Each structure stands twice: as C-alpha cells, then as structure tokens.
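Undergrad: take this sequence and fold it.
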Amino acid sequence: MQAFKSMLLGCFFLGTALATAQQKDYADEVNTLMGTDSEFLLSNGNTYPAIAMPWGMNFWMPQTGKMGDGWAYTYNSHEIRGFKQTHQPSPWINDYGQFAIMPVTKKPVFNEDDRKSWFTHKTEIAKPYYYKVYLSDYDVNTEITATERAAIFQFTFAKEKNAYIIVDALDNGSYVKVLPDEQKIIGYTTKNSGGVPDNFKNYFVITFDKPFTYTAGVHDDTIDTNKLENTSNHSGAVIGFSTEDGEQVHARVASSFISFDQAELNLKELKSDFEATKAAAKEAWNEALGRVEITDTDEDHIKTFYSCQYRTLLFPRKFYEINAKGDIVHYSPFNGKVLPGYLFTDMGFWDTFRALMPYVNLVYPDMAEKIQEGLLNSYKESGFYPEWASPGHRDCMVGNATASVIADAYLKGIITTDGLEMYKGMLHGANNVHPTVKSSGRLGYEYYNTLGYVPYDVGIRDNASRTLEYAYDDWCIYQMGKKLGRPKKELALYRKRSLNYKNTFNEKFKMMSGRNKDGSFPDNFKPVSWWDAFTEGNSWHYTWSVFHDIQGLIDLMGSKEEFVTKLDSVFTTPPTFGSDEKAGKLVHEMREMQVIDMGQYAHGNQPIQHMLYLYNYAGQPWKSQYWTRFAMDRLYRPTADGYCGDEDNGQTSAWYVFSALGFYPVCPASDEYVMGSPLFQKAVIHQPNGKDIVLNAPNNTTTTPYINKVTLNGKTYDKTYFTYEDFLKGATINFEMTSQPNETRGTKASDVPYSLSNE
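TA: Numbering: from 1, shown residues only. Below is the predicted model:
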C-alpha cells in the first residue's frame, strides 16, 4: 500500500503545472539533439549529441555522416555508420584524433558504407551522460556512457552465431593491433584537420568482457585474418563471437594524446560496471547544471535553458591528463612535448569572449581559473595566445579576443597569480602577428598602430572588423593595466588606441565602414553588403561593436534619439545583402538572417548579439526588454532546429542562458551585466563561495516582458545593470514584470551602464 501511495504521489507531482528544477534531474531536462537539424546550407545550431562530461577531453557521438564530414551527425539522417570518439568543436573546424566503433552481425565487414545501419529517433535516447539507439539492420541495441577520458559501450545482441565489433582508426595514418589473449585492441589515430605537430597521435585502448572467436586486422579497407597488427593509411580491426538472445557485451575504451600507458591509466576512470559509470556521469552533470536552479510553469523554457546550459559546459575542452604520479600533464599541440600543467582547447574566442567565457567566470569560477592557467601555458609553449585553438593554433576569424578573455578573468579576481605574465602576453599579441597562423596576434597591427585603423585598400580582409575589435581589445589591455599599476605612458597609449573605433565611423551613413589608407572612405560602400570590410556580416551588424564606449558611439551618431532610430532601423531594414544577393553568393549566415524575419538582425552570427541590450544606454530600456524576450521566444526552442544559426562553442547558448536570467555582459572586462527581460518566475545561481544570487519574478508570464520595478536586497534599484560585486556578495533581486513598458524607470544618466566616454 505504501508503494502504491508513493506511486500516486509521484504521478501527482509529474502532472502538476509547476515544473521546477528542484527535481534535481537537471541532466534529464537536456535535449542533446537541440541544433542537430543542420546542414551546410542552413545552420539550426550545427551541433551533435555529445556523450561527455563537462569540459571532458573526449566526447562520443553517433556518426551518420561519412568519414571526414564536418556534419558527422544530422537529425534528418536515417543510418548510423559508427560511434565516434570526437573532438570536433564545429563542422567548419572539423575533427581530430577521432576513431569509431560499430557492432554488426552476419558477416565481418569494415567499409563505412557496408556497415551502416538504419535507425529511428523513436528508439534513440540522447542525454549528456548516456546515449542509446537500436540498430535495426543488426538487431543490436548500443548504449554509451562516459567519463572525461574514457567510455563504456554496452551492446545487447540477439541470439547470433556471428556477432562482430568493428574498430576503425580512420585514415590519414593509423595503427591497430588485436591482442586476443588479453581481449583487447590498441591503436592510434593521427587523423586531424590542422593545428597539430608532426608527432601528433591519439592512442586508444579497448578491452572487452567476452573472449574473441574471430579476429582480423584491417589495412586500407582490406580485412585480413592473418595480420592482427597493421600500420597503414587506414587501419582497423574486426573481432567476433557468438551471443545468446539478450546477451550484453561491454567494451571499455580510453584514449590519450600522450601514450598507450597513459591511455591504460585513463581507463581507470571507469567505474566497476556500465550502470555505476552512468550514475556517476549523471551525478556530475546534475552538479554542473544545477549551479543554476530554475522554477517556472513553462516546461519548454526549462528544457531550452538546460539544453543551452549543457552546451556552455562542453568547451573549452580539457586537453590535460593525470599521470601515474597524480600530476597534471598535457601533450602540447604547439611544440609536441609532454609538459606539466593544465591545457584547454577547441575554442574560438572571437565567438565566446562575448558571453560564454563571462558565463564560465560568473557561474563556474573554479573551472575558469584552470582555463586561464591553460591559456598561459598556450602562450608559453607557442609565443602567442591562440585566438582559435583546435587543438593548436588555427587560422580562423579575426580580432585579438584573448585580451578580453584574460582581462575579464583578472578583473573578477579569477586570475590570482601570473597576472603580470599574462598581461605581457597580451601586449605581445597586440603588437605582433603569428608567423604562420595569421589569426593569432593581430594581422595589420602595423597599420593599426600608426594610422589608428586597418585600411580597406591594403589587401587585408575584414579590415573594419579588425579595427573595431582591436580597439575594444586595447580597452581591455588598458583596464587590466590599470589594475596592475602599469606605467602611465603605457596606459595612455592603450586608452588612446581604444578610441580607434571612431576612425571607421563613416559620417555620411552614420555607420561603420572600411576606410582607405589615404583617409578617404570607399565610394562603393553599402551598409547591407556582407564580407568586404566585415567578417561574416555587414555594417548593420558591426556598427554596434563598440562594447566599451556606447556613449561614444551615441555621440558620433549625434544624439540618443538618432542612436535609437538607428537601432530601430536594424529591424525595419529589409534582409538584403547588396551585390552578393544578385551574384548568387548567399552563404548560410546570410540565409539564416533572412529567414528569421527580423530585418537586418542576424542573431545566428555573433557580432550583433549584444545589440538588443543597447537601448539601455540611450534611455529606452523597455525596448531592450521587448526585443530580448522576443528573440528568446522566436529563436530558441528545445528541438532539433532549436537554434537560428551556428551555436559556436556555447556562445549562442550563453546568450540565451544569460538573457533568460535577465541580464547580459555587453562589455566583458567591465564588472557590469546589462538588463534585459528575465524569462523565469525564479532562478537561483549557486556560487561556489556559498553566496546565492536569487532572481525572483513571481508574476512573470509570456505576456509580461517589461520590467516595472526592481529591488536589490530589499531596496528599490533603478539602474539598468547589475555589478559583479553585487553578485559576488550574494544578492536577492526582485523583478516586478508587466505587460506594458515603464518608460520612466532606468532613464536617468546615472542609471545607464558603463561607457569609456563617461569616465
């Protein structure tokens, strides 16, 4: 009877209208398939269902795409080719150190087209800590759970005389050896997409709990039962056995970028069995996701939040291991040596300086400290901070965003040692460019330092974007330099350079544009034209890239009224692209802007994502409240098409989780978070220092996007931003939400967020 009552009580709570994160199963709110309905022509996230641990060194994924395809898992696919260990940060950067495992029956096969099997999402379970799918062609259920550097596979076979498991070390140079007496397969893969030294290898060890009755090695797609050890362009193995109906076979897998011995050590991360490992992985995800506790009546909002938060916990990836002595060590993708200390990788800071890294600093400062130590090691080992790392320097994107990432962490007290050394690395990056990877350091720094901008007509692409980002990065250097007590002459130089954004302001259009070396502006400038002077965007997107001095931008435009009119125009200007549209050159970022029906607002790409918050600086905060809520409602949902463009290493997810909490770091390396519109009735951020940030909006609904009143720790609060110091001490914030804008709150000069021009 007691059990029956308990069951009824459980059903009651499941059926109640109030969905609350107090259930504690945060990981089960996550849909890891969110964003997987993507392709080369249109991104709805460009994600894949990673079976992983937070910031884990290795992820696992079902592979639907062909070997080497950046879109390795797409929701509209029908066949699985294998289960791949992956380190892919995005399809555009692609993968490295990958290898695959696949169960088959009836006959030994190896080629990915021969071994693939049909599946359906109806039998697929995709959680951060666990994945399960039915392979219909083989009548096999495959389950995976993982640790940071290892995983356990659980294959459930039917009664089958000929059951096989394939290990594919992929092409580009690989090695595999079958050890039947040990029920083990070892190997390494060198497959990569760049950013590795010549001695790069991912060593793997796989042990099985069932003796082999069939063994074969594979060299260049040829299955050979007489050769169990192979080094070739494309190596692999096939092992086999007979099974009873429902018999479970387990494969325990670990890998290392250091050695086979280290891979064996990493195998010890696994618990005694599959279920114990799965439970530990779930607990780790619940702890990490549970740093933010949500209460709301809308279950989809909760699922979207935790699905996005899951993405914020994947990158940057741990690239370090723990040796036999218990020391933290890493293989350096910069010089090929095994060195002491932390290292992290698979991160494009051009995307993530905006919100992902500030989110880690706020909610996970304990991890942020390790990331910063790893960043310093990157500089020590290569001479530059990597602006895009995967695993070493990659030539991708523009700017010098590590200046923002480091300064934000230092000014928030996360970097407690080595601050001066990290600062010197920032100065080096600001006045040099990597000899081979032009995105590390500053391409065009000579022009920028002398003219105050990177010219349009000197053969350096994305010149206006570079100028704008370098100016903000110089402000970050200036801010950190002040905190370090650097010489006044040095501080004055970087403060002056931080105003260089003004040199790209085209007075005729009241917008940013390229500028020729002689000081003139190009005659062919069209604000809607993509590329040219801008990176993956146009002037409508980059005009707002003055994170540190929005008041200065207002002054350039003439007045707050003109500034607001220009902001409004983003949404009313048709989503056209200039000459590119006629030439048939629409790429996915353009199409993604076009289809969301928000004019020139391109949320699917990062440069404009902070723009919705800028009404706060011009005395009309209710418009920021309207548009941030509008963007959350229109552009995010916990489904396979749940994003509106590239998710990009957690950045677009971080925009959502910040915005859903009700604020956003418009200017990282300041201590301010600018208000938007909180989405939930209650949210609690559990800080590691034990001081909670409690955000209450009890009357919040889908029809109340506007803030009527705010109290901070019981006192009326009229500013349109919160500070890091407010949060660090613990804070209780109450929002009174309404369906109509309050056009008097937050409009005084003292209410607006920081701008350099107001210093």
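
Undergrad: and E507, how many neighbours?
TA: Neighbours of E507 under the rule other CB atoms under 10 Å: 10. C-beta coordinates here come from the backbone N, C-alpha and C atoms, glycine included.

Undergrad: which ones are touching it?
TA: With contacts defined as CB atoms under 8 Å, 6 or more residues apart in numbering, E507 is in contact with no residue.

Undergrad: pretty sure K132 is in a strand, no?
TA: Yes. Judged by DSSP: H, G, I helix; E, B strand; the rest coil, K132 forms part of a strand.

Undergrad: show me where the stretch 401-550 of the chain has strands.
TA: According to DSSP state E, counting those that start in this stretch, the stretch 401-550 of the chain carries its strands in the segments 505-506, 511-512.

Undergrad: where exactly do the helices run in the stretch 401-550 of the chain?
TA: 402-411, 419-430, 445-451, 463-484, 488-497, 539-542, 550-557 (DSSP state H, counting those that start in this stretch).

Undergrad: so what does the first one touch, helix or strand wise?
TA: When contacts are defined as 3 or more CB pairs under 8 Å, 6 or more residues apart in numbering; DSSP states H and E, helix 402-411 sits against helix 349-352, helix 356-363, helix 365-382, helix 419-430, helix 463-484.

Undergrad: please repeat the previous calculation with a cut-off of 6 Å.
TA: Counting by 3 or more CB pairs under 6 Å, 6 or more residues apart in numbering; DSSP states H and E, the packing neighbours recorded for helix 402-411 are helix 356-363, helix 419-430, helix 463-484.

Undergrad: of these, which approaches N199 most closely?
TA: With CB to CB, the closest approach to N199 among the helices and strands packed on helix 402-411 belongs to helix 419-430: 25.3 Å.

Undergrad: and that closest one, what does it pack against?
TA: Against helix 419-430 (3+ CB pairs under 6 Å, 6+ apart) you get helix 402-411, helix 463-484.

Undergrad: return the most buried member of the strands of the stretch 401-550 of the chain.
TA: strand 511-512 (a mean of 25; mean count of other CB atoms under 10 Å).

Undergrad: so how far is that strand off the chain centroid?
TA: How far strand 511-512 lies from its chain's middle: 29 Å, per CA atoms, centre = their mean, to the nearest Å.

Undergrad: that older thread, figure out which of the strands of the stretch 401-550 of the chain is closest to C396.
TA: strand 511-512 (22.3 Å).

Undergrad: helices and strands around the closest one, which ones?
TA: Packed next to strand 511-512, using 3+ CB pairs under 6 Å, 6+ apart, are helix 539-542.

Undergrad: and F155, that one's in a strand?
TA: Yes. Under three-state DSSP, F155 sits within a strand.

Undergrad: just checking, it touches V249?
TA: Yes. Contact criterion CB atoms under 6 Å: F155 and V249 qualify, at 4.7 Å.

Undergrad: more neighbours, the two?
TA: F155 (24 against 18).

Undergrad: can you pull the contacts of that one?
TA: P103, V140, T142, V249 (CB atoms under 6 Å, 6 or more residues apart in numbering).

Undergrad: how much space separates it from D298?
TA: F155 sits 39 Å away from D298, taking CB to CB, to the nearest Å as the criterion.

Undergrad: ok, T572 next?
TA: Taking CB to CB as the measure, T572 falls 30 Å from D298.

Undergrad: between the two, which has more neighbouring residues?
TA: Each of T572 and D298 has its neighbours counted (other CB under 10 Å); D298 has more, 17 against 9.

Undergrad: can you read off the pLDDT for the more buried one?
TA: D298 is assigned 95 on the pLDDT scale.

Undergrad: for it, phi and psi?
TA: Backbone geometry at D298, expressed as degrees, to the nearest 10, gives phi -100, psi 110.
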